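A.B. asks: Here you go, sequence then predicted model.
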Amino acid sequence: MTTPAERRPVRRALIGVSDKSGLLELAAGLHAAGVEVVSTGGTAKALADAGVPVTPVERVTGFPEALDGRVKTLHPNVHAGLLADTRRPEHVAQLESLGIAPFDLLVVNLYPFARTVASGASPDECVEQIDIGGPAMVRASAKNHASVAVVVDPSRYDWVLEQVRAGGFTLADRQRLAVDAFRHTASYDVAVASWMGDVLIPDESGLPGWVGATWQRKQVLRYGENPHQLAALYTGGDGRGGLATAEQLHGKEMSYNNYIDSDAAWRAAWDHELPCVAIIKHANPCGIAVSSLEGAAAIAEAHRKAHACDPVSAFGGVIAANREVTVEMAEQVAEVFTEVIIAPSYADGAVDVLMRKKNVRILVAPEPVRGGAEMRAVSGGLLVQTADTIEADGDDPAKWTLACGTALDEQGLADLAFAWRACRAVKSNAILLAHDGATVGAGMGQVNRVDAARLAVARAGDRARGAVAASDAFFPFPDGLEVLLEAGVRAVVQPGGSVRDAEVIAAAEAAGATVYLTGTRHFAH
Ligand SMILES: NC(=O)c1ncn([C@@H]2O[C@H](COP(=O)(O)O)[C@@H](O)[C@H]2O)c1NC=O
């Protein structure tokens, strides 16, 4: 019996790689360490051209590469060499009787299927890039990790050479490599299965008939939503960038709740085209504001306006900016206890200012990718929906219907459009009051709309008078709207569509207020 720490020498390696980076150094190093290198067509040619001794795989199979490379390594002489469990005397004896030598190391990387699909290649070209022989060898070697080390990642070649020179791989090494290998082929198959379903059997629903995704753990978090819950962050899935791929420049480790709030803040800030700052607590905004100022002064102004919405709640909040954070904004943020700040970049000196607060987490993140599908686990299943994008028809004020009152001027309409966009970041039932491109009060997460209105008005206080309001869904009764009108709200945007729309609009008309209908709603649960 070998122990996990005992090294198993490498005498024979099979290399077949699409990505040939680092290949020559690896193969030359293996050769210098006394390892016989066997390779597939293109790999063997690259090695031979560089003067690295190599045995073509055809000499092992006794069979020429066939069918435009579809058959190169799919042969018992290769697979028996990869699958023989050399701990078992009967396997060793059988190999000998068949005249097959075992492999100790397999180095493979697969045809670049995902890249080919992303390049817009034709279905036939994509199909040709589905690697068959490579995954077969990778899976065989990973299964047989007791005897074979399998390497699928070119960034590990230096480490591979170190191990070979040190006397071979330990069982623990081979186990780790086997796990990586199966994860690699699983992800590869998910990409193929997803693409093939979409392309060959598309259906009218516009949603996939099968959902596959693989996720790589990026970080184990201290705990989950509560300290007794375990939690970790994973990246991968659809491979799109975003908050989970952010780089942390400073501060305490991100927590589970920090990620939830940061995601909400990041989306909220990027829902606006103007320079915008969103301040989030418990996944809801305690301030969102845009600035129409030109140049670098804008983002600091947006922050001042967002903070002014609810300075009490902004304490311990998560701040996201959709523009570079300037020193001016950083000075303002440094005044307030802040959990996380996220931005696409920071001006020279801004991070130093923020770092005056030892614990504030400073993140740089790529702009979120809009659209696509959103997934949410429910007990026993998965909900999938297309994202609620700002490109939706009802987000363009030019497409709204004036239901009653005087049409707003350009500034008023801009304010209302801001309120409508900002309202998307508020959990339903949501009512949001805004003035001059800034929220002044929001009522969120209420189980009836009248309470959401009361909360928004209470938060706004005197600022409700003359403000505009957005409601994420229609008013089922006039009561919620009446709360806003009594507080002095002058214009309201809402989807419309209630059976009592006429009553609701009559209430607004009686109060001399303006109501626009969007025809679309922005629930957020
Ligand atoms: N057809 C086969 O038997 C086969 N065996 C290995 N491959 C792949 O061929 C590539 C290397 O080919 P070459 O050395 O010819 O450039 C690797 O990505 C490897 O995963 C194969 N190609 C596709 O299935």
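C.D. replies: Right, received. Where do you want to start?

A.B. asks: For this protein, list the residue farthest from the centre, please.
C.D. replies: Computed with CA atoms, centre = their mean, the residue of the chain farthest from its C-alpha average is S97, at 52.4 Å.

A.B. asks: any residues touching whichever strand or helix holds that residue, and which ones?
C.D. replies: Following DSSP states H and E, one finds S97 within helix 89-98. Applying CB atoms under 8 Å, 6 or more residues apart in numbering, the contact partners of helix 89-98 are 76, 80-81, 84-86, 101-102. C-beta coordinates here come from the backbone N, C-alpha and C atoms, glycine included.

A.B. asks: Kindly give a single PyMOL line that selects the buried subset of the residues you listed.
C.D. replies: Of the contacts of helix 89-98, the buried ones go into a single PyMOL selection, burial set by 16 or more other CB atoms under 10 Å:
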select buried, resi 80+81+84+101+102
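
A.B. asks: Among the contacts of helix 89-98, which lie within strands?
C.D. replies: The members of these all map outside strands under DSSP state E.

A.B. asks: Please identify the helix or strand for L383.
C.D. replies: Using DSSP H and E, L383 falls in strand 381-386.

A.B. asks: And the helices in the stretch 1-150 of the chain, which stretches?
C.D. replies: Using DSSP state H, counting those that start in this stretch, the helices found in the stretch 1-150 of the chain span residues 23-32, 41-49, 57-61, 76-83, 89-98, 113-118, 123-128, 133-143.

A.B. asks: between these, which one is nearest to E509?
C.D. replies: helix 113-118 (53.6 Å; CB to CB).

A.B. asks: What is the subsequent helix or strand relative to the biggest helix by length in the chain?
C.D. replies: When the chain is parsed with DSSP state H, its longest helix is helix 171-200. Downstream of helix 171-200, the next assigned helix or strand under DSSP H and E is strand 215-221.

A.B. asks: and that next one, how far from the chain's centre?
C.D. replies: Averaging C-alpha positions (CA atoms, centre = their mean, to the nearest Å) puts strand 215-221 12 Å from its chain's average.

A.B. asks: Over to stretch 187-207?
C.D. replies: The answer for stretch 187-207 is 19 Å, by CA atoms, centre = their mean.

A.B. asks: How about stretch 388-399?
C.D. replies: Chain-centre distance of stretch 388-399: 24 Å, with CA atoms, centre = their mean.

A.B. asks: Now do the buried residues in it.
C.D. replies: Buried residues in stretch 388-399 (16+ other CB under 10 Å): 388, 390, 392, 394-395, 397.

A.B. asks: I'd like the distance between the closest residue to the ligand within the stretch 151-300 of the chain and V78.
C.D. replies: Nearest residue of the stretch 151-300 of the chain to the ligand (CB to the nearest ligand atom) works out as V152 at 9.4 Å. Per CB to CB, to the nearest Å, V152 is found 17 Å from V78.

A.B. asks: correct me, but R8 touches T170?
C.D. replies: Yes: between R8 and T170 there is a contact under CB atoms under 8 Å: 7.5 Å.

A.B. asks: Now do the helix holding S97 against helix 76-83, angle only.
C.D. replies: 160 degrees (axes from the mean of the first three to the mean of the last three CA atoms, to 10 degrees).

A.B. asks: Buried residues in helix 89-98, which are they?
C.D. replies: Neighbour-count burial for helix 89-98 [16+ other CB under 10 Å]: 91, 95.

A.B. asks: burial of M196, as a residue count?
C.D. replies: 15 (other CB atoms under 10 Å).

A.B. asks: Next one: the nearest residue to E301 once chain neighbours are set aside from A298, what distance?
C.D. replies: Distance criterion CB to CB, 6 or more residues apart in numbering; nearest residue to E301, sequence neighbours excluded, is S291 at 4.1 Å. From S291 across to A298, the span is 4 Å (CB to CB).

A.B. asks: Check K218 too.
C.D. replies: 33 Å.

A.B. asks: Which strand or helix spans V353?
C.D. replies: Here V353 is assigned to helix 350-354, by DSSP H and E.

A.B. asks: Need the residues that contact that helix.
C.D. replies: So helix 350-354 is contacted by 249-250, 324-327, 329-331, 333-334, 341, 346, 360, 362 (CB under 8 Å, 6+ apart).

A.B. asks: Show me which of these are buried.
C.D. replies: Counted by 16+ other CB under 10 Å, those give 250, 325-327, 329-330, 333-334, 341, 346, 360, 362 as buried.

A.B. asks: The ligand contacts on the protein?
C.D. replies: Listed as neighbours of the ligand in the chain under the rule CB under 6 Å from any ligand atom: 16-18, 40-43, 69-74, 108-111, 131-134.

A.B. asks: among those, which are in strands?
C.D. replies: Those of the residues of the chain next to the ligand lying in strands (DSSP E): 16-17, 108-109.

A.B. asks: contacting residues for R12?
C.D. replies: 35-36, 38, 81, 101-105.

A.B. asks: What score does it have for pLDDT?
C.D. replies: You'll see R12 listed with a pLDDT of 98.

A.B. asks: now do the one 5 residues further on
C.D. replies: As predicted, V17 sits at a pLDDT of 97.

A.B. asks: which one of the buried residues of stretch 388-399 is nearest P366?
C.D. replies: Out of those, the member with the shortest distance to P366 (by CB to CB) is I390, at 17.9 Å.

A.B. asks: so which helix or strand takes in that closest one?
C.D. replies: Here I390, judged by DSSP H and E, is contained in no helix and no strand.

A.B. asks: show me the contacts for the closest residue to it other than its chain neighbours.
C.D. replies: Here the nearest residue to I390 in space, its sequence neighbours aside, is D271; by CB to CB, 6+ apart that works out to 5.4 Å. Residues near D271 by CB under 8 Å, 6+ apart: 390, 421-422, 424-425.

A.B. asks: Out of these, which comes closest to H145?
C.D. replies: Nearest to H145 among the contacts of D271, with distances taken as CB to CB, is A425, at 48.3 Å.

A.B. asks: If you drop the residues flanking it in sequence, what lies closest to that closest one?
C.D. replies: A268 is the one closest to A425 (CB to CB, 6+ apart), at 3.6 Å.

A.B. asks: thought that neighbour was touching V277?
C.D. replies: No: at 9.3 Å, A268 does not count as touching V277 under the criterion of CB under 8 Å.

A.B. asks: what is in contact with those two at once?
C.D. replies: In contact with both A268 and V277: 288, 320, using CB under 8 Å, 6+ apart.

A.B. asks: These two: which has the busier surroundings?
C.D. replies: Legend: neighbour count by other CB under 10 Å for A268 and V277, higher for V277 (35 against 27).

A.B. asks: List the contacts of the strand holding L383.
C.D. replies: Contacts of strand 381-386 (CB under 8 Å, 6+ apart): 206-208, 211, 371-377.

A.B. asks: Could you measure from the residue of the stretch 151-300 of the chain closest to the ligand over to R459?
C.D. replies: Counting by CB to CB, the gap from V152 to R459 is 54 Å.

A.B. asks: One more: G212?
C.D. replies: G212 is 44 Å from R459, by CB to CB.

A.B. asks: Between those two, tell me which one has more neighbours.
C.D. replies: Applying other CB under 10 Å to G212 and R459 shows that R459 carries more neighbours, namely 22 against 15.

A.B. asks: wait, is the more buried one part of a strand?
C.D. replies: No: assessed with DSSP: H, G, I helix; E, B strand; the rest coil, R459 is helix; it does not lie in a strand.

A.B. asks: Flag every buried residue along stretch 194-203.
C.D. replies: 194-195, 197.

A.B. asks: just checking, L481 touches V504?
C.D. replies: Yes: contact status for L481 versus V504: in contact at 5.5 Å, counting by CB under 8 Å.

A.B. asks: Are there residues contacting both of those two? Which ones?
C.D. replies: What both L481 and V504 touch, as defined by CB under 8 Å, 6+ apart, is the set F475.
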